[in-house]
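prediction below, plus the sequence it came from.
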Amino acid sequence: MPEPASRSPGVGLRALLVLPILAAWVALLVVPGLAPAWLLRSLVARFAPLGFLAVFAFPDRGLRTTRVLLVATPALLLGAAAALVALGWRARDGALPGPSDVLLPTLAVALGVLLALAWRRGPFALLLLPLKLAFLALVAFVLATVLAFSQAQREPALRTTVPVTAAEQRQLVALLQGMDPWTLPPEEVRTVRIEQPQVDRLAAWLLPRVVSPERARVAIVLPAEATVEVRASLPLAFGRWLNTSASGRVHVDRGRFELGQLRLRFGRSAMPAALTDALAPPLAAAIRAERPLRPLLAAIREAHVEPGALVVDYGRADSPRGPIGELLQGRPAPTPRPMLERPPGKPARR
């Protein structure tokens, strides 16, 4: 049965009405002093309204399939584009946001789209939305748990990492300072060779800043020519472990990162090679687009992997320092901590 034609205004007129409101919300987010502090602290409060407003740029549809294809999907794209504009405008170095910068705002935009679709269906649909989301989250959790335990093993593939001593930390800081491309003369090209033991110590020193050793044991291995492998052992309940690994042929030529022969293993099972080969190009593009990696990749003339060693030829980096630039300067950025408000009347600690 064909869907009845909507008597509401067309897409063009709706867009003319909604786009200025979207632009006003983006301006509220990017212009200093306009948005209240509570709004800037909440990612959902900042970006969910973009998805909510974007839905009303498209006429409602009666059938669920057409509503997903002709309303929800374009509204998500429109809201995500507005979020990308807001993120790029606020970037301190003027660089475009990377994939990791956009992921959480896009999820907030998707939540706004769901709220607007439920709003159109009426109060009952709006009341049911939290229950539907909770049910879907429960189903996803149960399926992920069943999948993880079906692939779990009794022993971890990785041993507990030995903590890096203070003397080893000083050696690593000296190594990083010697690799700093921001201090090189303009025409100089330098070659550095990092052996597997140095990779192990760097991983044991830096990875705990990203993930707690109690939640995951992670190792980076250079097992063969042009091959990098990342291994992880994740503890589950009842003394079980989920051992995972990802490997691929890695090469950097004149700042362009390339990834081939990607292989992923999840517990006892390996993903099909046809699927991982299809995932390799978009994953390489996502790595090239990451903001912290762009300055470093731009400075690399060539980087290749030998069995047990990483060899990098690099020149001067002229772009602003990011987190990796601070690391190579010998001053690793501290792990981010939540901002706490000072109690009224209590002076700041000096």
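Received, thanks. As the structure is a prediction and not an experimental result, all values here were calculated from the model.

just the C-alphas of stretch 246-265, formatted as CSV.
C-alpha atoms of stretch 246-265 as CSV (Å, rounded to 0.1, in the frame of the first residue of the first chain):
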residue,chain,number,x,y,z
ALA,A,246,45.3,-7.4,15.7
SER,A,247,48.1,-7.4,13.2
GLY,A,248,48.9,-5.9,9.9
ARG,A,249,51.6,-4.8,7.5
VAL,A,250,52.4,-1.2,8.4
HIS,A,251,54.4,1.4,6.4
VAL,A,252,54.7,5.2,6.3
ASP,A,253,56.0,6.8,3.1
ARG,A,254,56.3,10.7,3.0
GLY,A,255,53.7,11.1,5.8
ARG,A,256,51.1,8.7,4.4
PHE,A,257,50.2,5.8,6.7
GLU,A,258,49.4,2.5,4.9
LEU,A,259,47.9,-0.6,6.4
GLY,A,260,47.6,-4.0,4.7
GLN,A,261,46.9,-7.6,5.4
LEU,A,262,44.9,-6.7,8.5
ARG,A,263,44.1,-9.7,10.7
LEU,A,264,41.9,-9.7,13.8
ARG,A,265,41.5,-12.5,16.3
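
and it, average pLDDT?
Across stretch 246-265, the average pLDDT comes to 93.

now do the buried residues in it.
Judged by neighbour count (16 or more other Cβ atoms under 10 Å), stretch 246-265 contains these buried residues: 246-250, 252, 255, 257-259, 262-265. Where you see a C-beta, it was placed from the backbone N, CA and C, and this is true even at glycine.

same question, stretch 141-160
148, 151-152, 156-157.

can you check stretch 301-313 too?
Buried-residue list, stretch 301-313, by 16+ other Cβ under 10 Å: 303-305, 310, 312.

repeat that for stretch 119-137.
For stretch 119-137, a neighbour-count test (16+ other Cβ under 10 Å) marks L129 as buried.

so which elements touch the lengthiest strand in the chain?
Longest strand of the chain, by residue count under DSSP state E: strand 241-253. Applying 3 or more Cβ pairs under 8 Å, 6 or more residues apart in numbering; DSSP states H and E, one finds that strand 241-253 contacts strand 227-235, strand 256-266, strand 300-306.

so what touches the shortest one?
Which is strand 300-306. For strand 300-306, the surrounding residues in contact (Cβ atoms under 8 Å, 6 or more residues apart in numbering) are 189, 222, 225-228, 250-255, 310-315.

strands paired with the helix or strand just after that strand, and their directions?
Next along the chain after strand 300-306, taking DSSP states H and E as the criterion, comes strand 309-314. In the sheet, strand 309-314 lines up against strand 190-195 (antiparallel), strand 300-306 (antiparallel) (DSSP bridges).

please save the CA atoms from the helix or strand that contains A54 in PDB.
Element membership of A54, judged by DSSP H and E, is helix 43-55. Coordinates of each C-alpha in helix 43-55 appear next as PDB, following Å, rounded to 0.1, in the frame of the first residue of the first chain:
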ATOM      1  CA  LEU A  43      28.300  16.700  25.700                       C
ATOM      2  CA  VAL A  44      24.700  15.500  25.400                       C
ATOM      3  CA  ALA A  45      23.300  18.900  26.200                       C
ATOM      4  CA  ARG A  46      25.500  20.500  23.600                       C
ATOM      5  CA  PHE A  47      25.000  18.100  20.600                       C
ATOM      6  CA  ALA A  48      21.700  16.300  21.100                       C
ATOM      7  CA  PRO A  49      19.700  19.500  20.200                       C
ATOM      8  CA  LEU A  50      21.400  19.400  16.800                       C
ATOM      9  CA  GLY A  51      19.900  16.000  16.100                       C
ATOM     10  CA  PHE A  52      16.600  17.000  17.600                       C
ATOM     11  CA  LEU A  53      16.300  20.100  15.400                       C
ATOM     12  CA  ALA A  54      17.600  18.400  12.200                       C
ATOM     13  CA  VAL A  55      14.600  16.000  12.300                       C
END
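
buried residues in the helix or strand following that helix?
Downstream of helix 43-55, the first helix or strand assigned by DSSP H and E is helix 64-67. Buried residues in helix 64-67, counted by 16+ other Cβ under 10 Å: R67.

how far out from the middle of the chain is the helix or strand just after helix 64-67?
Using DSSP H and E, the helix or strand that directly follows helix 64-67 along the chain is helix 73-90. Distance of helix 73-90 from its chain centroid, counting by Cα atoms, centre = their mean, to the nearest Å, is 16 Å.
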